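Undergrad: when you get a sec, could you give me coordinates for this:
(4 chains)
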2 protein chains.
Amino acid sequence: MKVLVVEDDLALSDVVSFTLRRAGYEVATAHDGLAAVEAFEQSPSDLILLDLNLPRLDGLGVCRKVRSVSDVPIIILSVRAGDEAVVRGLEMGADDYMVKPFSPAQLVARIRAVMRRVGVSAAPTLLSVAGLSLDRSRGEAQRDDESAPVRLTGLEQKLLEAMMLHPGQVIPTDALINTVWGPEGGDRTMLKQLVYRLRSKIEVDASKPIYIETVPGIGYAFNPPNV
Amino acid sequence: MKVLVVEDDLALSDVVSFTLRRAGYEVATAHDGLAAVEAFEQSPSDLILLDLNLPRLDGLGVCRKVRSVSDVPIIILSVRAGDEAVVRGLEMGADDYMVKPFSPAQLVARIRAVMRRVGVSAAPTLLSVAGLSLDRSRGEAQRDDESAPVRLTGLEQKLLEAMMLHPGQVIPTDALINTVWGPEGGDRTMLKQLVYRLRSKIEVDASKPIYIETVPGIGYAFNPPNV
DNA sequence: TCTGGCTGTTACCGACTTGTTACCGACCCA
DNA sequence: TGGGTCGGTAACAAGTCGGTAACAGCCAGA
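TA: Numbers count the residues shown, from 1 in each chain, chains lettered A, B, ... in the order given. Purely as a prediction, here's the structure:
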């Protein structure tokens, strides 16, 4: 789920973005009203967190413009605490209104409440690199030349995902171990075995791998054909 | 539109009721938690304004009970201003949380905002996806090739509904548990059992399910034929 | 008061996942 | 040359997962 944070105070924009990323959301930012409208048009988010005092087009203007084309949930975050401002914002189409300063925990809870009511679907989950696709929501991988996907286990999916997110790059053994098993969670033997298992599932011929390249003494790379 | 005002302070109950009637809403009142649940069961309102400090069953208890049977919007009105209380209330299923004392104008604006969102995201009473219909008001499901509907229990309906609202989409186990039982309310064993029971009711052959697909380690999807 | 339905809990089963161990060949270094 | 390390391959055992079924307690309705 993607959140657009519209805030001209850069420090606050960073804090809010950090809070949201830690809560598991994807974040885009805009620092003035027109940039916000443009960002939403180019890549609609699932939720907008909207300051009112913005350069170039104020928050209510953004709200009006966005509302004319979308019913995306909007939460206003503003220093304006007066009744009139709150009522005005809600009437302009906001779903909620929080007065600064606000607590991160409450922000996240209110986001969740709004999204619960909306029933928004999950973020995009398909990774596709040079003929190999990973559908993260289903835990399946599929080569273009195969008619049916192959099911991956939880750990296999984590490993493949970690590599596909950085195609062509060698990822050190320790980094992969950390990504898959977390801190203090795995070792080289386990990674070696997992690589073997993953190759058995996705490679045309696991003894002559083309997708997962071994870099001896260093790590592995997702090295699709033609890259 | 009918609002149920649940407030043990009679004077405040009267003030809020007056405000709402003047804003054009029909109002019912209850002054303790059990009376509220009963009133809602006997004559469901379109919105509940809910105090937390209530005799006989506190506001969170009311919220939990109501949420177990209904998606009705709930706005909590409470003197409890702390983060924990707000977060707790929102996580329990409330759509909004206002701290007393609050302004009547803001209350009405927030009611409108919540109802506006409900109006947008409300799903029809009859859900029909690829030959399977769910009549939510009757709690019945029916395949096109069956002459009579089958009656679903409350939990079965919730589960089927949650999936049919997002056909083709894998819904993680935890999300289904949360939807059906609410926060802290269920576990994997209960979901597994519920899936089994629901399949026994709607599938042609529950051992070879075609509507409810299992995605091992992840969740389930409503995966009707041809999708 | 009794009964049937609902729901949570427990039990069992087979399939699958994952950590661990074992073995092999290739490679490097003293 | 021998020992050690590394990466690939395979097997085994313990634990988890999902399906199936039964039981018990609770509650609403007759």
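
Undergrad: show me what contacts A:Ala221?
TA: Contact partners of A:Ala221, counting by Cβ atoms under 8 Å, 6 or more residues apart in numbering or on different chains, are A:163, A:168-171, A:212-213, A:215. To be clear about C-beta, it is placed using only N, CA and C from the backbone, and glycine gets the same treatment.

Undergrad: in its sheet, which strands sit next to the helix or strand containing it, and in what direction?
TA: Taking DSSP states H and E as the definition, one finds A:Ala221 inside strand A:219-222. For strand A:219-222, the paired strands and their directions (DSSP bridges) are strand A:170-172 (antiparallel), strand A:212-215 (antiparallel).

Undergrad: those strands into a markdown table, with extra columns for distance to B:Ala141, mean neighbour count and mean pLDDT?
TA: Compiled in a markdown table, the strands paired with strand A:219-222 are given as follows (distance: least, Cβ to Cβ, whole Å; neighbours: other Cβ atoms under 10 Å in any protein chain shown; pLDDT from 0 to 100):
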| stretch | distance to B:Ala141 | mean neighbour count | mean pLDDT |
| --- | --- | --- | --- |
| strand A:170-172 | 48 | 16 | 92 |
| strand A:212-215 | 45 | 16 | 92 |
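
Undergrad: isn't A:Ser200 up against A:Ile212?
TA: No: applying Cβ atoms under 8 Å, one finds A:Ser200 not in contact with A:Ile212, separated by 10.8 Å.

Undergrad: point to the residue nearest the middle of chain A.
TA: Residue closest to the mean C-alpha point of chain A, counted by Cα atoms, centre = their mean, is A:Glu26 at 3.4 Å.

Undergrad: so what's that residue bridging to?
TA: On the basis of DSSP bridges, A:Glu26 is bridged to A:Lys2.

Undergrad: measure the closest residue to A:Met190 other than its chain neighbours to A:Leu191 for me?
TA: Among residues not flanking A:Met190 along the chain, A:Trp181 sits closest, at 7.1 Å (Cβ to Cβ, 6 or more residues apart in numbering or on different chains). Note on A:Trp181: its distance to A:Leu191, by Cβ to Cβ, to the nearest Å, is 8 Å.

Undergrad: between the two, which is the more surrounded one?
TA: Neighbours were tallied for A:Trp181 and for A:Leu191 using other Cβ atoms under 10 Å in any protein chain shown; the higher tally belongs to A:Leu191 (20 against 17).

Undergrad: now the helices for chain A?
TA: In chain A, the helices defined using DSSP state H lie at A:10-22, A:33-42, A:59-69, A:83-91, A:104-118, A:154-164, A:173-181, A:188-202.

Undergrad: can you say which of those helices is nearest to B:Ile76?
TA: Nearest of those to B:Ile76, taken as Cβ to Cβ: helix A:104-118 at 10.5 Å.

Undergrad: quick one: contacts of that closest one?
TA: Contacts for helix A:104-118 (Cβ under 8 Å, 6+ apart): A:1, A:3, A:15-16, A:19-20, A:23, A:25, A:46-47, A:49, A:73, A:75, A:77, A:95-96, A:98, B:73, B:83, B:86-87, B:90-91, B:93-96, B:114, B:117-118, B:121.

Undergrad: got it, and stretch A:31-39?
TA: Outside stretch A:31-39, the residues touching it (Cβ under 8 Å, 6+ apart) are A:4, A:6-8, A:10, A:13, A:28, A:30, A:45, A:48, A:50, A:54-59, A:61-62, A:65-66.

Undergrad: do the same with stretch A:41-49
TA: The contact list for stretch A:41-49 (Cβ under 8 Å, 6+ apart) reads A:1-7, A:16, A:28, A:36, A:39-40, A:62, A:66, A:69-70, A:72-75, A:77, A:107, A:111, A:114-115, A:120.

Undergrad: what's the end-to-end length of it?
TA: Start and end residues of stretch A:41-49 are separated by 15 Å (Cα to Cα, to the nearest Å).

Undergrad: how close does A:Asp95 get to A:Ile76?
TA: 9 Å.

Undergrad: can you check A:Pro149 too?
TA: Separation of A:Pro149 from A:Ile76 (Cβ to Cβ): 43 Å.

Undergrad: go on, A:Thr29?
TA: Using Cβ to Cβ, A:Thr29 is found at 16 Å from A:Ile76.

Undergrad: about what we covered before: closest one to B:Ile177 out of the contacts of A:Ala221, please.
TA: Closest approach to B:Ile177 among the contacts of A:Ala221 (Cβ to Cβ): A:Met163, at 31.3 Å.

Undergrad: could you count how many residues lie near the closest residue to the closest one other than its chain neighbours?
TA: In this structure, A:Met163 finds its nearest non-sequential neighbour in A:Phe222, 3.6 Å apart by Cβ to Cβ, 6+ apart. For A:Phe222, the count of nearby residues is 24 (other Cβ under 10 Å).

Undergrad: I figured A:Phe222 hits A:His166, correct?
TA: Yes: contact criterion Cβ under 8 Å: A:Phe222 and A:His166 qualify, at 7.1 Å.

Undergrad: enumerate every residue touching the residue in chain A positioned nearest to DNA strand C.
TA: Per Cβ to the nearest atom of the strand, the residue of chain A with the smallest distance to DNA strand C is A:Thr153, at 2.8 Å. Going by Cβ under 8 Å, 6+ apart, A:Thr153 touches A:139, A:197, B:217.

Undergrad: buried ones among those residues?
TA: A:Gly139 (16 or more other Cβ atoms under 10 Å in any protein chain shown).

Undergrad: let's have the contacts of A:Thr153 in JSON lines, adding distance to DNA strand D and pLDDT.
TA: Formatted as JSON lines, these follow (distance: Cβ to the nearest atom of the strand, whole Å; pLDDT from 0 to 100):
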{"residue": "A:Gly139", "distance to DNA strand D": "10", "pLDDT": "92"}
{"residue": "A:Arg197", "distance to DNA strand D": "8", "pLDDT": "95"}
{"residue": "B:Gly217", "distance to DNA strand D": "5", "pLDDT": "91"}
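
Undergrad: can I get the contacts of A:Thr153 in CSV with distance to B:Ala206?
TA: Converted to CSV, the contacts of A:Thr153 look like this (distance: Cβ to Cβ, whole Å):
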residue, distance to B:Ala206
A:Gly139, 23
A:Arg197, 32
B:Gly217, 21
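
Undergrad: and for the nearest residue to A:Ile177 once chain neighbours are set aside, the neighbour number?
TA: Nearest-residue entry for A:Ile177: A:Gly186, 4.3 Å, with adjacent residues in sequence omitted and distances by Cβ to Cβ, 6+ apart. The number of residues packed near A:Gly186 is 19, by other Cβ under 10 Å.

Undergrad: thought A:Gly186 was touching A:Thr179?
TA: No: with contact defined as Cβ under 8 Å, A:Gly186 does not reach A:Thr179; the gap is 9.5 Å.
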